[in-house]
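Asker: How does the following fold in three dimensions:
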Amino acid sequence: MGARGGRRPGRAILGGSFNPPHVGHLRLAVEAREALGPLVQGVDLVPCARPPHKKNDNLLPFELRAAMLEAALAPLPWLRCNRLEALRDGPSYTWDTLRAYHTAEPDTELYFLLGSPDFALLPTWRRGLELPRLCHFVVVPRGGLSPGGFADMTRALWPTARARPSALPGGVCMALPGGGLAHFLPLPWLDVSASRIRERWLAGRSVNYLMPEAALNLLRAHRRDIAAYWREA
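Answerer: Numbering: from 1, shown residues only. Here you go, the predicted model:
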């Protein structure tokens, strides 16, 4: 995969457990779509079927998580839920997901969204340092990471990475071995977590405005089943 500056159709990808989907997920997707502008036609939110790096004890069934996400995204046609990870057996590895995208949409340029803590952990992912063969990274800083810190982090992961002009507002772009780019993109990051929502829900406290109303309605409709799953943690 080469760096083609957005000449091919592009799509951003935001993966996660979405257990449950919340306003932080959606706001990040909206901000990314606006910042990436003409590089992408939209953002896919991809629910993980079987997270390889997390305990799955309290994970809601995939169908329910995907249905909540679809309900939340319905008003915004340029955000969509992609259920492709449910079509595979075994752990849901990002490498396999991106390869599936290339099979389904061979002419689409992929921009993989992730926070800087996950970016730093790519060596622990299955074929994580080979992912630039399949996608560009869009890295959202957390914990006060500076542009210079991002460049240093990138070179620590790929010593041959080199700076190149950036097409995004972050001002830093690194060319990676394999053909992909790593973009530094400062975006607002809402301090909302699925674990906090689960804790409040189980305690009988309100989670209004932490989740999109359409997703919250499904949560209410399946209250008894959801409580049973979340109490297993």
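Asker: number of nearby residues for H222?
Answerer: A count of nearby residues for H222, using other C-beta atoms under 10 Å, gives 16. Where C-beta positions appear, they are placed from N, C-alpha and C, glycine not excepted.
Asker: what sits against the closest residue to it other than its chain neighbours?
Answerer: Take H222 and drop its neighbours on the chain: the residue closest to it by C-beta to C-beta, 6 or more residues apart in numbering is L64, 6.3 Å away. With contact set as C-beta atoms under 8 Å, 6 or more residues apart in numbering, L64 has these partners: L218, H222, I226.
Asker: give me the number of residues near the nearest residue to P20 once chain neighbours are set aside?
Answerer: Counting by C-beta to C-beta, 6+ apart, P20 lies nearest to M68, which is 5.7 Å off, once chain neighbours are set aside. Burial of M68 is recorded as 27 neighbouring residues (other C-beta under 10 Å).
Asker: cool, P169 as well?
Answerer: Counted with other C-beta under 10 Å, P169 comes out at 14.
Asker: ditto for A203
Answerer: 7.
Asker: Relative to R231, how far out is it?
Answerer: Using C-beta to C-beta, to the nearest Å, A203 is found at 11 Å from R231.
Asker: If you count neighbours, what's buried in stretch 22-40?
Answerer: By neighbour count on 16 or more other C-beta atoms under 10 Å, the buried set for stretch 22-40 is 22-26, 28-33, 35-36, 39-40.
Asker: Please identify which of those residues is nearest to G170.
Answerer: For the buried residues of stretch 22-40, the minimum distance to G170 (C-beta to C-beta) is 8.4 Å, reached by A35.
Asker: what's near enough to touch the closest one?
Answerer: A35 makes contacts with L168, P169, L185, L187, as judged by C-beta under 8 Å, 6+ apart.
Asker: do the same with L69
Answerer: Counting by C-beta under 8 Å, 6+ apart, L69 touches F18, P21, L45, P47, C81, A215.
Asker: my read: the first one touches A49, true?
Answerer: The one in question is F18. No: using C-beta atoms under 8 Å, F18 makes no contact with A49, being 11.1 Å away.
Asker: beta partners for the residue lying closest to R8 once chain neighbours are set aside?
Answerer: For R8, ignoring the flanking residues on the chain, the nearest one in space by C-beta to C-beta, 6+ apart is E109 at 4.7 Å. Applying DSSP bridges to E109 gives these bridge partners: G10.
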